[in-house]
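**Q** With the sequence up front, the predicted model follows.
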Amino acid sequence: MTLSSPDQLNQIILLGIEEIIGMAETKSLLTRANLPEWNHPVPSDPEGTSYSFHFANQLQTSLEKNYGLLAGRGLAVRAGRACFKHILREFAPEMGVMDPEARLLPLPGRINTTLRSLAGLFNQQIGLHIEVAPEADYIRWNIEQCNFCGDRQSSDPVCYFTVGLLEELLYWTSAGKFYRVEETHCIGCGDPYCSFQIKKQPFK
């Protein structure tokens, strides 16, 4: 299975949303987001289809409009967290994060390996350009083409699904520790890329 056959990441995003708000509300959300075709199973396409960068943006915008800005963004974080286990279920072998060599690394090495593995999956299979850049006290996750802000214009960062996804990746990798993830640059704010700052030390 690949992330682009067909729009597999979009289906995973839907699973994450459905887990948080339920099936009926997810169907209603899709209709309000002008995505009613996703209420029906998407047929398998052996040739694969190109990944749509508008889908996730439309869904998050719809969450904010229908639940209010703060509640909608909170739901997007929770849905992003829920997505991570579905990515693991489908793509752990390709990512290599369950290999004994990866699981036996010291915690900083496990975190770095898992972040790079997820970035590699996205880069290779749906054409994103994600860079994982360690710094003194932080790790940066930089995205040149973001699927969550699209053509949005905002005064503050809007990629809350990605924040939730990274939070859950860190929680899983560290066996239950909480790490601060903050979006410091966002294409939706006019920045040339989206950047997420991950503090290396977990919350006490």
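**A** Structure's in. What do you need? Residues are numbered from 1 along each chain as shown.
**Q** Determine the number of other residues adjacent to C194.
**A** Using other CB atoms under 10 Å, C194 has 26 other residues around it. For glycine as for every other residue, the C-beta is placed from the backbone atoms N, C-alpha and C.
**Q** for L104, same thing?
**A** With neighbours defined by other CB under 10 Å, the count for L104 comes to 9.
**Q** Low-confidence regions, this protein specifically.
**A** Along the chain, the model assigns pLDDT under 70 to residues 1-7, 39-53, 150, 204.
**Q** Which parts of it are strands?
**A** In chain order, the chain shows strands spanning 130-134, 138-143, 181-185, 194-199, with DSSP state E as the criterion.
**Q** who are the neighbours of the third one, in terms of helices and strands?
**A** Judged by 3 or more CB pairs under 8 Å, 6 or more residues apart in numbering; DSSP states H and E, strand 181-185 is in contact with helix 160-173, strand 194-199.
**Q** who touches it?
**A** Counting by CB atoms under 8 Å, 6 or more residues apart in numbering, strand 181-185 makes contact with 157, 159, 162-163, 166-167, 170, 191-199, all of which sit outside it.
**Q** I figured C149 was touching D191, is that so?
**A** No - counting by CB atoms under 8 Å, C149 sits too far from D191 to count as a contact (9.4 Å).
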